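> Test case, fold it:
(one chain, ligands or ions: 1)
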Amino acid sequence: MNWKEEDNKLKKEFEFENFKKALDFTNKVGEIAEAQKHHPDIILHDYKNVRIEVTTHDEGMKVTKKDHDFAEAVNQIT
Ligand SMILES: C[C@H](O)[C@H](O)[C@H]1CNC2=NC(N)=NC(=O)C2=N1
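Residues are numbered from 1 along each chain as shown. Okay, the predicted model is just below:
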C-alpha cells in the first residue's frame, strides 16, 4: 500500500521479520529526516511494526510537498 493521508498527516505502516530489522529501518528513516530537516513521528510497535506519520509543523500541521518528498525518500529504502 502507498501512504494514506489522514488527520493532515501522511501515514504508512511497515512490517518486518523481527525487531532488529524494524529498528534498523527506524534509524534509516531518522537519517532521512535529519538530511531533509523534516521529521516524522516514528512508532515502532508490536516488536516488528513501524508506523511513520509526517506533517509540516511550520505550515500549521498541514501536508505539504516536504511531506511528499519525505515519503518518497522513505519509499526508496523499502
Ligand atoms: C528549523 C527546522 O529545520 C524546522 O523547524 C523543521 C524541523 N523539522 C520539521 N519537521 C516537520 N515534520 N515539520 C516541520 O515543519 C519541521 N521544521
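> hang on, residue 38 packs against residue 54?
Yes: Residue 38 is within contact range of residue 54, at 7.2 Å (criterion: CB atoms under 8 Å). Every residue, glycine included, has its C-beta placed from N, CA and C.
> Pick out whichever of these two has more residues nearby.
When neighbours are counted by other CB atoms under 10 Å, residue 38 and residue 54 differ, and residue 54 comes out ahead with 25 against 19.
> The closest residue to the more buried one other than its chain neighbours: what's it in contact with?
What sits nearest to residue 54 in space, not counting adjacent residues and going by CB to CB, 6 or more residues apart in numbering, is residue 40, at 3.9 Å. Residues in contact with residue 40 (CB atoms under 8 Å, 6 or more residues apart in numbering) are 29, 33, 52, 53, 54, 70.
> near the ligand, which of these show up?
Among these, the residues within reach of the ligand (CB under 6 Å from any ligand atom) are residue 54.
> Now the two most distant members of the contacts of residue 40.
Across the contacts of residue 40, the two members that end up farthest from each other (CB to CB) are 33 and 53, 12.1 Å apart.
> do you know how far the residue nearest to residue 54 is from the ligand?
Remark: distance between residue 40 and the ligand (CB to the nearest ligand atom, to the nearest Å) = 6 Å.
> Tell me the confidence at that residue?
At residue 40, the pLDDT value in this model is 98.
> any shared contact partners between residue 38 and residue 54?
With contacts taken as CB under 8 Å, 6+ apart, the residues that reach both residue 38 and residue 54 are 67, 70.
> Up against the ligand, what does this structure have?
Proximity of the chain to the ligand is assessed by CB under 6 Å from any ligand atom, with 37, 38, 39, 54, 55, 56, 57, 58 identified as the residues in range.
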